[in-house]
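Student: After the sequence you'll find the predicted model.
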Amino acid sequence: MYCRSFGSRDFFLPSHIQLLEKAVMVAEDIISNFFHLTTDYWVRNPYEVKTLKDTGTIDIPEGVYAHLMKYGKRFCQKDSGTDYRDLYTIQVYDHRVLKATGGKESVLRPFLVYIMTHELVHITRFAKFECLISKEDKAAEEEKVHGLTNEILSKVPISGLGDIIDFFQSKEAATVIV
């Protein structure tokens with residue numbers, strides 16, 4: 001059994017969550033190395049990763065494995081530019097990830113690294129002001145992030161990652177979206 005079913009949805013098991021947590025750490029390292037980010041970069045650009053079990057019933061965009069949501073938050077009462085920070089939530093759609101990978105660790109691990117790298121590229125582009133996205137620009141931005149993700153991960157020696165890159169290159173760029 002690769003997942004628990006609740007109604008018509010499948011959720012990650014604890015072993016899958018552990019793989020997701022490791023994929024997040026690996027993706028952070030990969031992104032930090034590629035973009036030459038400082039050690040406190042992720043503290044200044046906070047994000048959280050949620051699964052369907054965390055969020056319950058939500059609207060799920062068609063045909064995606066993850067979805068990035070951007071929020072803003074005031075941190076303190078003084079008036080300075082550092083008072084306001086963007087916060088991000090990466091929503092992972094367990095049931096689609098499990099269906100695509102069969103829940104097999106050998107496929108799930110590189111698949112999650114790909115997804116998390118893709119979403120962290122989005123966050124990095126937002127934080128560096130390389131992406132001021134409007135609804136009209138979403139497709140172009142998605143294509144840019146998809147290309148960067150493939151470029152970045154093509155140099156990473158993780159077993160099975162080449163097959164995952166090929167999978168995402170054969171799919172429409174909208175497979176993993178913001």
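Tutor: Cool, the structure landed. This one's a predicted model, so the numbers in the text were calculated from it and none came from an experiment.

Student: how close does V107 sit to K53?
Tutor: 21 Å (Cβ to Cβ, to the nearest Å). Bear in mind the C-beta positions are built from the backbone N, C-alpha and C, glycine included.

Student: more crowded one of these two?
Tutor: More crowded of V107 and K53, by other Cβ atoms under 10 Å: V107, with 17 against 14.

Student: ok, that one touching T101?
Tutor: Yes: between V107 and T101 there is a contact under Cβ atoms under 8 Å: 4.2 Å.

Student: So what touches stretch 32-49?
Tutor: When contacts are defined by Cβ atoms under 8 Å, 6 or more residues apart in numbering, stretch 32-49 is touched by residues 20, 24, 28, 31, 85-90, 92, 116, 120, 123-124, 127-128, 152.

Student: For it, buried residues please.
Tutor: For stretch 32-49, a neighbour-count test (16 or more other Cβ atoms under 10 Å) marks 32, 34-35, 37, 41-42, 45, 47, 49 as buried.

Student: Among those, which lie within helices?
Tutor: Judged by DSSP state H, helices contain the following of those: 32, 34-35, 41-42.
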